[in-house]
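Engineer: please work out how this folds:
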Amino acid sequence: MLGKWNKPTLLVLAAGMGSRYGGLKQLESIGPGGETMLDYAVFDAIRAGFARIVFVIRQDFAAQFHAQVVAHYAGRIEVTCVCQDLLDVPGGFLVPAHRIKPWGTVHAVLAARAVLPDAFAVINGDDFYGRDAYQRMVGFLSALHTRASRPEPCAMVGYRLELTLSPNGGVNRGVCVAREGALVSVEEYTGITAGTDGLCRGHNTLGQQQLVPGQALCSMNFWGFTPDMLTHLADGFADFLQQRGQERDAECYIPTLVDHLIRQGKIRCHILATSSVWFGVTYPQDKARCVATVEALIARGEYPSTLWT
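Structural biologist: As a prediction, this is how the structure comes out:
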């Protein structure tokens, strides 16, 4: 019987090491009242209509996260935490002894597979996506039916690449090709920078440096999926481990797997245009720009000066 999903869940990937930043940037203050990136994400999620937040975190900072984050949102929205575990892999695969960190964003989503019975969105816990982006994603997910058409629908919020770069070093982005409002392909590039010649350059998944069009849309890891997508992610992750599981630092990225599924005709990914401005703190020097941007948004009336009263 055709029906609608319950109100969507927001899945927040907050297990990143912050290696380039030098700390837990998810918990860094960027607002005048000490608000963090996570605070603004949860605030936007609540007013957009998300019913629940699921955080994917690491076991080694779980106690700190519960004290500083989960307790903070008590009574405001339902919150669940799950831990991303390096050893959480399909049966029959042995994790190499030299492997230290988990397996990337697909692996992080799968860490929460047992607590995602309804349509859900995925975001990075250390990125600021903006009010309009959350509202558009909730609108998309709320309109989906439980017996989806084929190819299966999903969505991505797109931002212009050149507006998401850091002046302080290289960044990773899923660079997109779109047609008629749908994603045609997406390829993960790492270490993207804007050169003095005005051109953007980055490394593709094979490690080759290439020119990247600055006006291209890019994925900032804001996705909308149905629970059926979890099966696709699990299958894709198993294939990834077979092919690259012995590499020390290889990661299984959501954009790479989405691209593969589009090419197979298994999914149709709608691109959600947004008026929101994205920003993040890849490097310590980025924080000042983030603080200034938040101050400007508050001055325009998009956010109160203090989120939680």
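Engineer: got the residue ranges for the strands in the stretch 201-309 of the chain?
Structural biologist: According to DSSP state E, counting those that start in this stretch, the stretch 201-309 of the chain carries its strands in the segments 209-212, 217-225, 267-272, 279-280.
Engineer: weakest of these by average pLDDT?
Structural biologist: Looking over those, mean pLDDT reaches its minimum on strand 279-280, with a mean of 88.
Engineer: which residues touch that strand?
Structural biologist: Applying CB atoms under 8 Å, 6 or more residues apart in numbering, the set of residues contacting strand 279-280 from outside is 37, 124, 126, 127, 128, 164, 166, 220, 286, 289, 290, 293. No exception for glycine: its C-beta is placed from N, CA and C like everyone else's.
Engineer: any chance of TSV for the strands of the stretch 201-309 of the chain, columns mean neighbour count?
Structural biologist: As requested, those are arranged in TSV below (neighbours: other CB atoms under 10 Å):
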stretch	mean neighbour count
strand 209-212	14
strand 217-225	25
strand 267-272	20
strand 279-280	21
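Engineer: looking at those, spot the one closest to residue 84.
Structural biologist: strand 217-225 (14.7 Å; CB to CB).
Engineer: so what sits opposite residue 182 in the bridge?
Structural biologist: When assigned by DSSP bridges, residue 182 has beta-bridge partners residue 179, residue 270.
Engineer: just the one 5 residues further on next, same as before
Structural biologist: Taking DSSP bridges, one finds residue 175 as the beta-bridge partners of residue 187.
Engineer: how many residues are close by it?
Structural biologist: The number of residues packed around residue 187, counting by other CB atoms under 10 Å, is 19.
Engineer: quick revisit: out of the strands of the stretch 201-309 of the chain, which comes closest to residue 55?
Structural biologist: Nearest to residue 55 among the strands of the stretch 201-309 of the chain is strand 217-225 (14.8 Å), distances taken as CB to CB.
Engineer: where exactly do the helices run in the protein?
Structural biologist: Assigned helices in the chain, in chain order: 37-48, 62-65, 105-110, 131-142, 229-244, 254-263, 287-299 (criterion: DSSP state H).
Engineer: using TSV, lay out these together with mean neighbour count.
Structural biologist: Formatted as TSV, the entries for the helices of the chain read as follows, by neighbours: other CB under 10 Å:
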stretch	mean neighbour count
helix 37-48	21
helix 62-65	15
helix 105-110	24
helix 131-142	21
helix 229-244	17
helix 254-263	21
helix 287-299	15
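Engineer: any figure for the gap between the closest residue in space to residue 224 that isn't next to it in sequence and residue 70?
Structural biologist: For residue 224, ignoring the flanking residues on the chain, the nearest one in space by CB to CB, 6 or more residues apart in numbering is residue 155 at 3.9 Å. Shown here: residue 155 relative to residue 70, a distance of 27 Å by CB to CB, to the nearest Å.
Engineer: the more surrounded of these two?
Structural biologist: Comparing residue 155 with residue 70 by other CB under 10 Å, the one with more neighbours is residue 155, at 23 against 16.
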